[in-house]
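Student: Sequence isn't available, so here's the structure alone:
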């Protein structure tokens with residue numbers, strides 16, 4: 001590996017980072033790393049660890065020093081477990097010294113606050129849960145540790161994981177490293193900010209409404225929303241809930257990183273059926289990527305959604321990528337008769353998502369929702385109306401809506417006979433300013449149009465409703481220099497195809513870049 005970090009460069013980096021506490025702005029993030037350590041990929045660092053060019057303990061100390069110096073301005077790593085991480089790094093160094101090889105051996109990383117780690121609090125941002133501590137690791141955490149990862153802490157979330165911002169009364173507000181006045185996204189916003197700030201090379205989050213994809217898009221990093229139930233969710237539920245096997249309906253958990261190859265690496269060690277449920281009888285055998293060369297891919301591009309406007313800057317970046325893909329030989333399609341109805345998709349998704357969250361609303365809120373639902377006109381098909389209906393949905397009506405979802409899934413299966421991937425925006429705008437006003441009253445300014453805040457879920461809902469894999473990659477910048485991403489959607493359980501396509505795009509056109517100098 002060209003320019004691999006040596007122990008000298010590591011120690012130089014640590015010294016520079018320790019002096020970074022007086023930095024005037026997070027714009028100096030990229031500069032305060034003369035050894036080039038902070039922004040190396042997980043794959044590069046793992047090679048350096050295996051080649052003994054660097055020790056796990058040295059890498060961890062550099063990571064901790066950077067977090068302690070720079071995180072006060074970002075507030076990404078809100079639960080810290082540095083002492084146990086040091087012990088784990090020392091154990092990794094012993095194993096590496098003996099020639100042991102594991103996929104993530106000695107690599108420092110963080111996970112989203114929702115994941116249980118023995119002895120650490122899991123709050124989901126709820127002050128009522130701030131004193132509760134997990135007694136067993138989440139299964140995904142167990143698998144990451146078994147692969148050799150050194151998990152040094154957990155990253156911030158919105159309360160109850162229900163926002164595209166990451167703030168709560170327990171841990172405060174996480175800022176976007178590109179512009180601290182803006183959201184890093186949510187609900188995996190702390191993880192995306194930690195990656196963009198160069199704190200860690202790998203993170204693990206979750207997604208039910210774009211919670212992996214919005215932060216990746218807002219912070220200029222990579223994420224992968226796996227196919228439904230590909231990665232088991234045991235131990236990632238709300239505080240105080242039993243750590244037992246669960247089946248997903250909409251929600252998934254998955255990796256975030258600064259390269260496509262690192263997404264593949266993390267998915268490889270966490271995917272597969274839960275040993276306590278389906279794993280008793282099933283084993284995972286994902287198909288390989290559909291193609292090895294970028295020019296072999298058939299790509300359907302969708303740049304407009306019927307239920308929500310998309311900012312011109314986001315559309316321009318997407319179409320710019322599409323033009324470049326066409327020039328390198330990809331078969332580019334702009335329409336398909338097999339494309340499922342996006343408006344119907346958006347409405348069904350909003351109603352079922354609202355139904356998912358209705359289980360935990362207070363009785364007085366349910367009463368108000370019941371009254372609001374009864375007052376709705378039957379002709380009102382706005383997303384806001386579907387959200388209200390979802391809060392009060394009956395079980396028979398949920399079944400009927402889920403049957404419609406089944407029909408939409410069948411259309412996606414048919415579409416992927418003609419195309420390999422679908423390219424579309426992850427979100428309708430780039431990172432927006434912090435807004436802590438009541439969520440249901442918020443408006444987004446999308447090129448001058450005032451759009452209901454929650455309507456920005458439409459692009460994320462396509463893959464979630466249908467259980468499809470979706471990889472998000474950075475592809476450009478807005479006029480003000482904010483990151484813009486693209487979402488690559490693939491057929492069910494063809495996660496390796498969307499990640500492989502992301503990697504080919506990254507190799508051809510470039511991927512992550514650090515936040516710029518001030």
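Tutor: Yep, it's here. Quantities reported herein were computed from a predicted structural model and do not represent experimental measurements.

Student: Next, the contact list for the most centrally placed residue in the chain, please.
Tutor: Residue closest to the mean C-alpha point of the chain, counted by Cα atoms, centre = their mean, is residue 212 at 2.0 Å. Neighbouring residues of residue 212 by Cβ atoms under 8 Å, 6 or more residues apart in numbering: 188, 205-206, 223-225, 254, 256, 472. C-betas here are computed from N, CA, C, even on glycine.

Student: mind listing the helices for the stretch 1-150 of the chain?
Tutor: Along the stretch 1-150 of the chain, the segments classed as helices by DSSP state H, counting those that start in this stretch run 7-18, 42-50, 56-74, 82-97, 139-146.

Student: Which one, of these, ends up nearest to residue 239?
Tutor: Closest of these to residue 239 is helix 139-146, at 15.4 Å (criterion: Cβ to Cβ).

Student: which residues are in contact with the closest one?
Tutor: Contacts of helix 139-146 (Cβ under 8 Å, 6+ apart): 88, 102, 104, 109, 111, 115-117, 137, 151, 204, 231-236, 243, 253, 266, 269-270, 274.

Student: Could you give the average pLDDT over it?
Tutor: Within the predicted structure, the mean pLDDT of helix 139-146 is 98.

Student: what angle do the helix or strand following that helix and helix 56-74 make?
Tutor: Proceeding N to C from helix 139-146, the next assigned helix or strand is strand 150-155, under DSSP states H and E. If you take axes from the mean of the first three to the mean of the last three Cα atoms, to 10 degrees, strand 150-155 sits at 10 degrees to helix 56-74.

Student: Report all helices and strands that strand 150-155 contacts.
Tutor: In terms of contacts (3 or more Cβ pairs under 8 Å, 6 or more residues apart in numbering; DSSP states H and E), strand 150-155 is packed against helix 56-74, strand 77-80, helix 82-97, strand 108-112, helix 139-146, helix 189-196.

Student: Looking at those, which one is packed in the most?
Tutor: Compared across the helices and strands packed on strand 150-155, helix 189-196 shows the largest average neighbour count, a mean of 34 (mean count of other Cβ atoms under 10 Å).

Student: Could you look up the SS state of residue 272?
Tutor: Following DSSP: H, G, I helix; E, B strand; the rest coil, the label given to residue 272 is coil.

Student: wait, it sits on residue 284?
Tutor: Yes: using Cβ atoms under 8 Å, residue 272 makes contact with residue 284 at a distance of 4.1 Å.

Student: Let me know the pLDDT of residue 192.
Tutor: Residue 192 carries a pLDDT value of 98.

Student: cool, the one 10 residues further on as well?
Tutor: Predicted confidence (pLDDT) at residue 202: the value is 98.

Student: how about the nearest residue to it, chain neighbours excluded?
Tutor: Distances taken as Cβ to Cβ, 6 or more residues apart in numbering place residue 109 nearest to residue 202, at 4.1 Å, with adjacent residues excluded.

Student: that older thread, report the buried members of the contacts of helix 139-146.
Tutor: 88, 102, 104, 109, 111, 115-117, 137, 151, 204, 231-236, 243, 253, 266, 269-270, 274 (16 or more other Cβ atoms under 10 Å).

Student: Can you add distance to residue 411 and give the helices and strands packed on strand 150-155 back as a markdown table?
Tutor: Output for the helices and strands packed on strand 150-155, formatted as a markdown table (distance: least, Cβ to Cβ, whole Å):
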| stretch | distance to residue 411 |
| --- | --- |
| helix 56-74 | 42 |
| strand 77-80 | 42 |
| helix 82-97 | 47 |
| strand 108-112 | 32 |
| helix 139-146 | 31 |
| helix 189-196 | 32 |
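
Student: of all these, which lies closest to residue 162?
Tutor: helix 189-196 (12.3 Å).

Student: So what angle separates the directions of that closest one and strand 150-155?
Tutor: Computed by the same axes, to 10 degrees, the angle separating helix 189-196 from strand 150-155 equals 130 degrees.

Student: hmm, back to that, tell me which of the helices of the stretch 1-150 of the chain sits nearest to residue 407.
Tutor: helix 139-146 (31.7 Å).

Student: who's in contact with residue 274?
Tutor: Counted by Cβ under 8 Å, 6+ apart, residue 274 has contacts 139, 232, 234, 245.

Student: Repeat that for residue 93.
Tutor: For residue 93, the contact set (Cβ under 8 Å, 6+ apart) comprises 55-57, 106.

Student: thinking again about what came up before, surely the residue nearest to residue 202 meets residue 152?
Tutor: Yes: using Cβ under 8 Å as the test, residue 109 is close enough to residue 152 to be in contact (7.3 Å).

Student: shared neighbours of the two, anything?
Tutor: Joint contacts of residue 109 and residue 152 (Cβ under 8 Å, 6+ apart) are residue 200.

Student: What segments of the stretch 351-500 of the chain are strands?
Tutor: All strands of the stretch 351-500 of the chain, identified by DSSP state E, counting those that start in this stretch, fall at 421-424, 443-446, 449-452, 470-477, 483-489.

Student: Give me the residues contacting the longest helix along the chain.
Tutor: Counting residues, the longest helix found in the chain (DSSP state H) is helix 395-415. Residues from elsewhere that reach helix 395-415, judged by Cβ under 8 Å, 6+ apart: 300, 336, 338-341, 344-345, 348, 351-352, 355, 393, 422, 465-468, 491-492.

Student: Just the residues you listed: which are in helices?
Tutor: 344-345, 348, 351-352, 355, 465-466.

Student: Distance check, residue 334 against residue 323.
Tutor: Per Cβ to Cβ, to the nearest Å, residue 334 is found 12 Å from residue 323.

Student: go on, residue 423?
Tutor: Residue 423 is 12 Å from residue 323, by Cβ to Cβ.

Student: quick one, which of these two is more surrounded?
Tutor: Using other Cβ atoms under 10 Å, the more surrounded residue of residue 423 and residue 323 is residue 423, with 27 against 11.

Student: Correct me if wrong: the more buried one contacts residue 487.
Tutor: Yes: look at residue 423 against residue 487 with Cβ under 8 Å: they come within range, at 7.3 Å.

Student: ok, residues contacting stretch 359-371?
Tutor: 160, 238, 358, 388, 391-392.

Student: most neighbours, which of these?
Tutor: residue 388 (25 neighbours).

Student: Quick check: buried residues in stretch 431-444?
Tutor: So stretch 431-444, judged by 16+ other Cβ under 10 Å, has buried residues 431-432, 434-435, 442, 444.
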